[in-house]
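1. fold the following and give me the result.
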Amino acid sequence: MGASPQTSSTEVVTVTVNVTGQLAQTDQEVVNRLVPISPKTLDEASVNTRIDLQTEETLITGDHIDAPLSYDVPKATAESLGLNFTSDGSVVDADAGASGGSGGGRRRRLTQTQHAARRMILDFHGTRRTLQEFNDLTTVLRQLGVQNQIPKAVVPKSGGKKNGGAKDLIIVGGKPLNITSVAFIFSSSECGIKPVLTEAQVKARWFDAGDSAPVTATLQRAYRVCSHEKLYFLPDNNIVVGPVDVPCTGSTKVKGAYDLRKGFGNKKNLDSEMNGLYELAKNWLQQKGGQEELIAKLPYLRRKIVVWPWNNQAQLKAGPELVDWPGMGSMGCPGNANPNGIMPDCFTWMNNALTDTSLDISVLMQELGHNIGLSHSSRDLCSGAGCEWWINEYGDDSDFMGSAGPPNGNKSYVCASAPQAYKAGWASPQTELDATTITAGTGWADTTIPSMHVTDKSFIRIAIDQTDIATQDRFKPQRALYISYRVAQPLAGYDSGLNRDINARVWVHEYNDTANGFSADTKKPPRVLAMLDLPAYDPKTKKLVPAPPSWPNLSSRFVLPKAFGAGDGLVIMVKSKTNVSAVVSLCRNTVTSESVDDGTCMDGVDNDCDGLPDDLDPDCGAEDNSSPPPPPMPMMRKSPPPAPKPPSPRPPRQSPPPPPLPSTPVADSAPKPGKRPKGNTGRRRA
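-> Residues are numbered from 1 along each chain as shown. From the prediction side, this is the model:
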């Protein structure tokens with residue numbers, strides 16, 4: 001039993017050690033760790049320490065950090081070790097010179113652990129040490145009851161080499177890549193934790209066994225299809241091992257004491273358990289024997305997937321839940337300066353139930369998506385007062401990095417949104433536009449965009465107003481809109497898991513990141529602004545079909561009033577759609593109404609982008625009559641048959657203005673989505 005947590009009234013002294021390492025981040029409110037830059041051995045690759053990162057800059061996985069790590073120790077503990085910290089922060093041996101003569105003087109009666117802590121503090125304080133040495137120090141201090149500590153790492157601006165981590169799974173230039181991983185399925189018969197999930201059941205989720213197999217929504221198929229044949233998940237490079245039976249309590253070399261029933265073996269967080277399970281798996285392989293080939297491959301299998309029922313005691317009605325997440329993953333994978341060297345560990349943790357017989361395809365794709373370097377996919381949280389302050393970090397239900405959940409997880413899956421596919425290198429724009437190519441006062445221009453299942457060049461990307469965007473930053477951010485069309489394909493096909501309420505829709509996203517090859521900035525995820533569709537009428541009643549509950553403001557048009565600056569807006573309109581493409585019309589306006597005085601009522605152009613030609617526009621003296629409703633359009637509710645070859649993309653062209661529509665939602669008008677799949681429900685916008 002460790003010491004009680006230190007209170008704010010406890011007087012402490014600070015041990016400071018200079019350490020160099022590379023940053024490794026984990027999603028779920030972003031956990032920062034330091035890992036080795038160029039590990040030489042399998043054991044060294046597992047070394048890591050959680051840090052309280054304090055910096056003014058945006059740092060991502062793989063950035064090299066050279067900083068002092070500060071660790072608070074109760075003053076009483078330091079004094080019991082015979083250590084005095086002076087006013088200038090240095091440490092001295094309180095017993096030195098107590099009496100003359102070699103071997104003479106007063107000797108403290110210290111335990112072996114106390115002797116080790118005393119020696120390390122005297123030797124390490126104020127010096128440069130390896131990450132392993134710093135870990136050794138913190139391990140010894142924990143044994144003395146110094147718990148609940150996360151060392152502070154203060155990184156000055158531009159303080160260190162930044163390399164952005166391993167780019168092993170971000171597609172560059174369309175060059176295909178292979179995912180490599182090892183998954184361990186754990187049990188602990190010692191304390192009665194026996195999940196029913198088997199190695200065969202996990203392999204059924206991992207690898208294709210044909211269209212008639214019970215599970216066709218496999219990782220192998222989903223990555224191949226969603227990436228347009230750029231990312232492969234093959235049996236030879238993705239090993240599944242289990243069940244690995246381990247003690248439910250004990251200690252590991254890397255993180256010390258662990259408890260797989262109650263958790264928090266280190267009295268602070270689940271680091272000991274989350275890292276310890278992989279250490280236990282390596283020990284299990286060595287003890288089992290005959291696993292030399294797999295052990296030799298471990299350093300080169302980049303993803304370590306840990307499958308464990310973290311809430312086992314709650315399911316056994318023997319304790320509370322430990323976690324509120326279904327999965328967690330490293331946010332990008334750390335690299336090695338030597339491309340042929342051993343890489344630091346890159347993790348995905350799955351939280352299965354004791355009774356689960358499979359793993360959730362959406363959770364797997366999201367956590368392995370984090371390993372690639374993708375952030376969550378978000379959506380505005382809205383109320384009657386508007387949508388200006390809160391976003392749901394997981395709110396995009398059209399993306400596996402958001403809250404997408406296929407109706408049949410064994411047969412279908414959802415692919416990535418346009419901005420996420422762009423970031424990952426899976427897809428690129430069919431058309432790129434900006435303020436120089438969309439001219440105000442020229443009316444509407446049409447573009448035909450293919451559904452994202454048809455081709456890897458499928459969406460419109462529009463660079464818009466760059467106010468407050470640090471365009472000179474090393475990540476080269478650019479505020480941009482992404483306009484895409486998504487049509488569900490038959491089971492096990494592209495986007496086969498799109499819910500019927502969001503199938504065959506046009507999507508408008510905003511994302512300020514670019515296809516720069518780096519891991520995403522987790523604080524600035526892509527954001528869905530609108531889902532658009534044509535009005536649909538019930539063939540029997542001839543009445544307008546109600547909008548889906550999750551999209552009550554569904555419309556065929558979307559207005560971004562300040563797309564190119566104050567008073568310089570953009571209107572996006574859906575004009576038509578088929579099983580394979582949609583026609584989208586764009587109009588830029590710098591006036592909110594037309595006028596006889598300035599000539600805009602007589603130029604034959606829809607200058608205010610309200611969908612009315614001059615002779616029908618009330619601004620120009622026409623009667624204010626509501627336009628008749630457009631003819632009924634069938635809503636595409638079912639997955640269509642395989643698509644024929646799409647037409648060649650065409651550049652934007654001038655077209656007559658589309659008819660006005662009854663509702664014209666503006667930016668940030670998305671409704672409040674459903675419950676997100678992990679703990680918190682949202683966060684305030686930066």
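
2. where exactly do the helices run in this structure?
-> Using DSSP state H, the helices of the chain run over 42-45, 75-80, 112-124, 131-143, 199-206, 219-226, 271-288, 292-297, 312-315, 361-372, 418-424.

3. out of the ones you listed, nearest to residue 178?
-> Closest to residue 178 of the helices of the chain is helix 219-226 (C-beta to C-beta; 9.9 Å). (Glycine included, C-beta is placed from N, CA and C.)

4. deepest-packed of the helices of the chain, please.
-> helix 418-424 (a mean of 28; mean count of other C-beta atoms under 10 Å).

5. now do it, average pLDDT.
-> Throughout helix 418-424, pLDDT has a mean value of 98.

6. likewise for stretch 353-367?
-> Averaged over stretch 353-367, pLDDT sits at 97.

7. swap in stretch 593-609?
-> 88.

8. chain center to that stretch: distance?
-> Centroid separation between stretch 593-609 and its chain, computed with C-alpha atoms, centre = their mean, to the nearest Å, is 46 Å.

9. outside of that stretch, which residues touch it?
-> 441-444, 569, 571, 587-589, 591-592, 612-614, 617, 619-621, 657 (C-beta atoms under 8 Å, 6 or more residues apart in numbering).

10. same question for stretch 270-286.
-> 42, 46, 48, 50, 184, 186, 241, 244-247, 250, 252-260, 263-266, 291, 294-295, 298, 304, 306, 308, 310, 322-323, 345, 347, 349.

11. would you mark the buried spots in stretch 313-330?
-> 313, 315, 322, 323, 325, 326, 327, 328, 329, 330 (16 or more other C-beta atoms under 10 Å).

12. which of those residues lies closest to residue 36?
-> Once C-beta to C-beta is applied, the member of those that ends up nearest residue 36 is residue 330, at 14.6 Å.

13. go ahead and confirm that closest one touches residue 368.
-> No: contact criterion C-beta atoms under 8 Å: residue 330 and residue 368 do not qualify, at 9.9 Å.

14. so what sits against both of these two?
-> Here residue 330 and residue 368 share the contacting residues residue 348, scored by C-beta under 8 Å, 6+ apart.

15. ok so, going back, narrow the contacts of stretch 270-286 to those that are buried.
-> Listed as buried from these are 46, 48, 50, 184, 186, 241, 244, 246, 250, 252, 254-260, 263-266, 291, 298, 304, 306, 308, 310, 322-323, 345, 347, 349; burial here means 16+ other C-beta under 10 Å.

16. quick revisit: now, the buried residues of stretch 313-330 that are in strands?
-> 327, 328, 329 (DSSP state E).

17. coming back round to it: turn the helices of the chain into a markdown table, columns for distance to residue 453.
-> Putting the helices of the chain into a markdown table (distance: least, C-beta to C-beta, whole Å) gives the following:
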| stretch | distance to residue 453 |
| --- | --- |
| helix 42-45 | 39 |
| helix 75-80 | 62 |
| helix 112-124 | 57 |
| helix 131-143 | 45 |
| helix 199-206 | 22 |
| helix 219-226 | 8 |
| helix 271-288 | 37 |
| helix 292-297 | 35 |
| helix 312-315 | 39 |
| helix 361-372 | 16 |
| helix 418-424 | 11 |
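
18. and the spatially most central residue of the chain, what are its phi and psi?
-> When C-alpha atoms, centre = their mean is applied to the chain, the residue found nearest the centroid is residue 375 (2.7 Å). Residue 375 adopts backbone torsions of phi -90, psi -180, taken as degrees, to the nearest 10.

19. what does the closest residue in space to residue 191 that isn't next to it in sequence show for phi and psi?
-> Spatial nearest neighbour of residue 191, chain neighbours left out: residue 248 (3.8 Å); criterion: C-beta to C-beta, 6 or more residues apart in numbering. Per-residue torsions, residue 248: phi -80, psi -20 (degrees, to the nearest 10).

20. give me the number of residues near residue 248?
-> 17 (other C-beta atoms under 10 Å).

21. my guess is it contacts residue 186. True?
-> No: proximity of residue 248 to residue 186 does not meet the contact threshold set by C-beta under 8 Å, at 10.1 Å.

22. can you pull the buried residues of the longest strand anywhere in the chain?
-> Across the chain, the strand with the greatest residue count (assigned by DSSP E) is strand 12-26. Judged by neighbour count (16+ other C-beta under 10 Å), strand 12-26 contains these buried residues: 12-13, 15-17, 19-26.
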